[in-house]
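Novice: Build me a structure from this.
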Amino acid sequence: MTKADIIEAVYDKLGGFSKREAADLVELVFETLKESLTKQEKVKLSGFGNFVVREKKARMGRNPQTKKPIEISARRVLTFKPSQVLKGQLNG
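Specialist: Predicted coordinates:
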C-alpha cells in the first residue's frame, strides 16, 4: 500500500472531503508522526502498535567481501511493535 492508496481510502471512506483535502489530512498525520519520532518521542497508536526510536552504539563489524573489520557508526533506528489487537487480526 502506498501513500496514494491511503489517500484514496480516506477519500472513499470519509466522503465530504475533496481528494486534495484527504491528501492534506494524510500528509498532516505523517508529518506529525515524523516530528514526534524526530524528537525521540514514543508514538503509540491504540489498536495498531508502538513506534519507538532506539539508539544503537557504534560497534565493530566485518566487510563480507574483504573480511576486513570496519566500524559501524552509532545511529538511531526506528522499531515497531504491533499491538495485541493487530496481532490477533493478522493471525485470525
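
Novice: Using CSV, write out the CA atom coordinates for stretch 6-23.
Specialist: Provided in CSV are the C-alpha atoms of stretch 6-23 (Å, rounded to 0.1, in the frame of the first residue of the first chain):
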residue,chain,number,x,y,z
ILE,A,6,-4.1,5.6,1.8
ILE,A,7,-5.3,9.0,0.5
GLU,A,8,-7.7,7.2,-1.8
ALA,A,9,-9.0,5.1,1.1
VAL,A,10,-9.6,8.1,3.3
TYR,A,11,-11.3,9.9,0.4
ASP,A,12,-13.6,6.9,-0.3
LYS,A,13,-14.5,6.1,3.4
LEU,A,14,-14.9,9.6,4.8
GLY,A,15,-16.7,11.4,2.0
GLY,A,16,-17.3,15.1,2.4
PHE,A,17,-13.7,15.8,1.7
SER,A,18,-12.1,16.6,-1.7
LYS,A,19,-9.2,14.4,-2.8
ARG,A,20,-6.9,17.4,-2.1
GLU,A,21,-8.3,17.7,1.5
ALA,A,22,-7.9,14.0,2.0
ALA,A,23,-4.3,14.3,0.8
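
Novice: residues making contact with it?
Specialist: For stretch 6-23, contacts defined as CB atoms under 8 Å, 6 or more residues apart in numbering pick out 25-26. For every residue, glycine as well, the C-beta is placed using N, CA and C.

Novice: same question, stretch 57-69
Specialist: 70-74.

Novice: try it again with 6 Å
Specialist: Stretch 57-69 is contacted from outside by 70, 72-74, using CB atoms under 6 Å, 6 or more residues apart in numbering.

Novice: out of these, which are inside strands?
Specialist: Counting by DSSP state E, the members of these that fall within strands are 70, 72.

Novice: could the contacts of stretch 57-69 go into CSV alongside neighbour count, distance to residue 62 and pLDDT?
Specialist: Shown next, in CSV, are these (neighbours: other CB atoms under 10 Å; distance: CB to CB, whole Å; pLDDT from 0 to 100):
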residue, neighbour count, distance to residue 62, pLDDT
70, 10, 7, 95
72, 12, 10, 95
73, 9, 15, 96
74, 10, 18, 96
